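Student: Would you be able to build a 3D model of this:
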Amino acid sequence: MKPQRIYRTEILPLVEAERLDLADFLESLDDHEWAEPSLCPGWTVHDVAAHLTLSTRQSSLVTLARVLRARGDIDAVFAAWARARSAAYDPAEVTAQLRATAGSTHRMVISSPFDPLLDILVHGQDIARPLGRERPVLAERTIPALGHAWTSSFYGAPERFAGLRFVATDADWSTGDGPLEVRAPVGDLLLLATGRTAGLEGVSGPGATEAAERIAGADASRARKSGLEH
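Tutor: Okay, here's the model as predicted:
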């Protein structure tokens, strides 16, 4: 399924609302929770939150220069950048930064209008789920990002899940034409699309086992790569 036809001006309020909601969520965390591991291998909750303040502040030229120095390893660049910001700004400062630029239209020139929405939705779960906290996922905000994630070559979901059909259990959304069906809430489908095993929590259907095997392989590969970077 292609990303639904939605204009940039319609996405911006969704991004702003999600950023403000996440800022509220971050303010509810205890001090020790900021130091806990997130779903991103090698990243703490503090690192992920700090990373989310970058999208409204980073320069495309500076980012490109860093990626070139890292020989194209954009994951390593963002990891180092996030850790530097989390070391420079305490949790209250990071939360205030996220809230202050919630309505910002700034993004890197090479990114899609859907990317800021996808980023905040996915990383919100990267923070909440390892802490055992529930962070509600609203279908009207998630579906535009979900459509983008499942068609983006960056995440590789079409290749990873070829031959499987995915169907949302809490919204009118589906993708894929394989014989095996995988059913899950849109929040879990978004995590699966971006390569996170945590998305398997709500999965059901005859294709669930096959989906789990494929996503486990992708997650293991990502963890190995992260280990090499440290």
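Student: low pLDDT regions in this structure?
Tutor: 1-9, 63, 109, 218-230 (pLDDT under 70).
Student: Just want the most central residue of it.
Tutor: When the chain is reduced to its mean C-alpha position, the nearest residue by C-alpha atoms, centre = their mean turns out to be V122, at 2.7 Å.
Student: contacts for the helix or strand harbouring it?
Tutor: If you go by DSSP states H and E, V122 is part of helix 115-128. By C-beta atoms under 8 Å, 6 or more residues apart in numbering, the surrounding residues in contact with helix 115-128 are 11, 14-15, 18-19, 21-22, 25-26, 38-40, 43, 45, 48-49, 51-52, 55, 107, 134-135, 137, 141-142, 144-145, 148-149, 187, 190-191, 194, 196, 198. All C-beta atoms are positioned from the backbone trio N, CA, C, and that covers glycine.
Student: Report the buried members of those.
Tutor: Listed as buried from the contacts of helix 115-128 are 11, 14-15, 18-19, 21-22, 25-26, 38-40, 43, 45, 48-49, 51-52, 55, 107, 137, 141-142, 144-145, 148-149, 187, 190-191, 194, 196, 198; burial here means 16 or more other C-beta atoms under 10 Å.
Student: what are the ranges of the strands in this structure?
Tutor: For the chain, the strands defined by DSSP state E cover 164-168, 174-175, 180-184.
Student: Turn those into a markdown table, columns for mean neighbour count.
Tutor: Shown next, in a markdown table, are the strands of the chain (neighbours: other C-beta atoms under 10 Å):
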| stretch | mean neighbour count |
| --- | --- |
| strand 164-168 | 21 |
| strand 174-175 | 18 |
| strand 180-184 | 21 |
